[in-house]
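In: any chance you can model this:
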Amino acid sequence: MVLWSAQLGFVALSQVVVPGKPVAGSFWRVPASLHGQIRQDAVLLKPGAKSAAAAALLAYLKSAPARAVIQAYGYGL
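Out: Purely as a prediction, here's the structure:
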């Protein structure tokens, strides 16, 4: 049986960051000059247009508290 292991890998910073604490281990942030913008959006689809819960989630994602959480996990806005 052959076992392989990687010596390094790429993961999103949000997977390893704990807001308010330094990132453990070693890491390298890929400079923005080396890649294009990575967009992540939220949309309200037609099937959920009449759902109060869906509308509330979308409204929350646009709020200052949600924006603070998003930024705390390393994402830009």
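In: return the distance of Lys50 relative to Ala56.
Out: When distances are taken as C-beta to C-beta, to the nearest Å, Lys50 and Ala56 turn out to be 13 Å apart. Glycine gets a C-beta too; all of them are placed from N, C-alpha and C.
In: low-confidence ranges, the protein, go.
Out: Per-residue confidence for the chain (pLDDT under 70) gives no ranges below the cut-off.
In: for this protein, what spans make up the helices?
Out: In the chain, the segments counted as helices under DSSP state H are 52-61, 64-72.
In: just the CA coordinates of the longest one, formatted as CSV?
Out: What that stands for is helix 52-61. Taking only C-alpha atoms (Å, rounded to 0.1, in the frame of the first residue of the first chain), the coordinates of helix 52-61 have been written out as CSV:
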residue,chain,number,x,y,z
ALA,A,52,-39.9,35.7,5.0
ALA,A,53,-37.0,33.6,6.2
ALA,A,54,-35.1,33.9,2.9
ALA,A,55,-35.7,37.7,2.8
ALA,A,56,-34.6,38.0,6.5
LEU,A,57,-31.4,36.1,5.7
LEU,A,58,-30.6,38.3,2.7
ALA,A,59,-31.3,41.4,4.8
TYR,A,60,-29.0,40.1,7.6
LEU,A,61,-26.2,39.5,5.1
